[in-house]
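Following is a predicted model, sequence given first.
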Amino acid sequence: MRGYVTLALDGVNMNVYSLPSTSVEFFIISQDTKAPSWETCEVINIKKTSVDLVVSLSEPCIVYYVIALKGTEFPTLGDF
């Protein structure tokens with residue numbers, strides 16, 4: 001699969017900069033069909049108003065989390 005990303009300058013200082021090209025072509029060589037897997041998940045440094053959540057996954061990804069009272073209904077993936 002092939003596609004293009006269009007580039008543009010914007011903002012207060014846009015006249016100071018220039019783009020050598022206004023688009024970038026990309027190719028998708030193969031589709032990633034394997035979901036990332038959890039390797040570790042650790043809650044550390046628990047304080048009154050904060051906590052550190054340290055996770056390790058099998059590939060780069062975004063982790064979403066929810067802090068809620070016991071018994072709270074959690075959103076489904078379709079809610080995002």
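Looks like it came in fine. Since this is a predicted model, take the numbers as computed values, not measurements.

Nearest the middle, which residue of the protein would you pick?
residue 62 (3.9 Å; Cα atoms, centre = their mean).

all strands for this structure, in order.
2-6, 23-27, 38-44, 52-57 (DSSP state E).

Now render those as TSV, adding distance to residue 67, mean neighbour count and mean pLDDT.
Where you see a C-beta, it was placed from the backbone N, CA and C, and this is true even at glycine. Shown next, in TSV, are the strands of the chain (distance: least, Cβ to Cβ, whole Å; neighbours: other Cβ atoms under 10 Å; pLDDT from 0 to 100):
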stretch	distance to residue 67	mean neighbour count	mean pLDDT
strand 2-6	35	8	94
strand 23-27	37	9	94
strand 38-44	11	9	92
strand 52-57	10	12	93
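
need the ones you listed in TSV with distance to residue 72, can you?
Listed next are those as TSV, based on distance: least, Cβ to Cβ, whole Å:
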stretch	distance to residue 72
strand 2-6	40
strand 23-27	41
strand 38-44	18
strand 52-57	18
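
thinking again about what came up before, report the separation between the residue nearest to the centre of the chain and residue 35.
Separation of residue 62 from residue 35 (Cβ to Cβ, to the nearest Å): 13 Å.

just residue 55 next, same as before
15 Å.

Identify the residue spatially nearest to residue 38, adjacent ones excluded.
Among residues not flanking residue 38 along the chain, residue 57 sits closest, at 6.1 Å (Cβ to Cβ, 6 or more residues apart in numbering).

of the strands of the chain, which approaches residue 15 most closely?
Closest to residue 15 of the strands of the chain is strand 2-6 (Cβ to Cβ; 19.3 Å).
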